[in-house]
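**Q** below are the sequence and a predicted model; questions follow.
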Amino acid sequence: FDKLGQELGYICFNDWYRLSSSDLKHHGGFELFKLHYNFSVFSAVTEVYPEYPWLPWNFNLVPRNFWCSSFQRRTFFDSLGRELGLSSFDDWYRVSGEDIKRHGGEGLFKFYYDYSVYNSVLELYPEHPWIPWNFKLTPRNIWSDYFNKRPYLDWLGQELGYTTYECWYRVSISDIKGYNGSWLILGYFSGSIYNAVREIYYEFPWIPWRFNRVPNKFWSDISN
């Protein structure tokens, strides 16, 4: 391996992360690679150079079944947090899927968490009370549950400084979009604030024409 490293121009341990199975085969190491390391670059370099703290996800391929372990998944996210300079749980709200993929977690992100940062941290850091709509991308499926819709509007009202039901008459679509509620208002309430608050705060006698916009076709009904 020392000779192989010289031939490939490697000058530090980190260079081994870019080693491929083709490199080993082309330099006469096929049988060694096959019989002793089961075609795993990670197994090879970690055995040959045990003095270095290798990070499995920095190799081109992680070891087979590596991500099956929740301990390894959390270890990766702990390491990612350090790489990104995160100092608190709330810092994860600004992490993007690209951040995860760029640091070697694409397979993990795709197959275990369906490309959702929220799904990732929800499983790996269950000790924190995560707010789904604080992430850069809000998981769409959360809005199918009524018990997520009302907490969202409660939270939004606090953010906007609302203290009474009547305050909702002045909310705009832009307000909701600006607080990551686009899919909720457009996908579940057809872009109608009236429809949203009528369903979620059903206990209040809403007056449709006091909103910035009345529901579509509202005035088509002569009874209105």
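**A** Received, thanks.
**Q** buried ones in stretch 25-42, by neighbour count?
**A** By neighbour count on 16 or more other C-beta atoms under 10 Å, the buried set for stretch 25-42 is 29, 33, 37, 40-42. The C-beta positions use only the backbone N, C-alpha and C, and glycine is treated the same way.
**Q** which pLDDT does the model give L61?
**A** We have a pLDDT of 85 for L61.
**Q** in three-state terms, how would it be classified?
**A** For L61, the assignment made with DSSP: H, G, I helix; E, B strand; the rest coil gives coil.
**Q** so is the residue located most distally from the centre of the chain in a helix, a strand, or just coil?
**A** Distance from the C-alpha centroid of the chain, by C-alpha atoms, centre = their mean, peaks at I222 (47.9 Å). What three-state DSSP gives for I222 is coil.
**Q** now do it against L19, distance only.
**A** 76 Å (C-beta to C-beta, to the nearest Å).
**Q** what's the answer for Y179, then?
**A** Taking C-beta to C-beta as the measure, Y179 falls 46 Å from L19.
**Q** okay, those two: which has more neighbours?
**A** Ranked by neighbour count (other C-beta atoms under 10 Å), Y179 and L19 place L19 first, with 20 against 17.
**Q** tell me the pLDDT of the residue nearest to the more buried one when sequence neighbours are not counted.
**A** Leaving out its chain neighbours, the residue that sits closest to L19 by C-beta to C-beta, 6 or more residues apart in numbering is V41, at 5.3 Å. pLDDT for V41: 87.
**Q** check contacts around V41.
**A** Residues near V41 by C-beta atoms under 8 Å, 6 or more residues apart in numbering: 16, 19-21, 24, 59-61.
**Q** just checking, what packs against the lowest-mean-pLDDT helix or strand in the chain?
**A** The helix or strand of the chain with the poorest confidence is helix 30-37; it has a mean of 75 (mean pLDDT, DSSP states H and E). Where contact means 3 or more C-beta pairs under 8 Å, 6 or more residues apart in numbering; DSSP states H and E, helix 30-37 is packed against helix 21-26, helix 41-48.
**Q** now the angle from that helix to helix 41-48?
**A** Angle, helix 30-37 to helix 41-48, by axes from the mean of the first three to the mean of the last three C-alpha atoms, to 10 degrees: 80 degrees.
**Q** who's in contact with helix 30-37?
**A** For helix 30-37, contacts defined as C-beta under 8 Å, 6+ apart pick out 21, 24-25, 39, 43-44, 47.
**Q** list buried residues within these.
**A** Taking 16+ other C-beta under 10 Å as the criterion, what is buried in those is 21, 24, 43-44.
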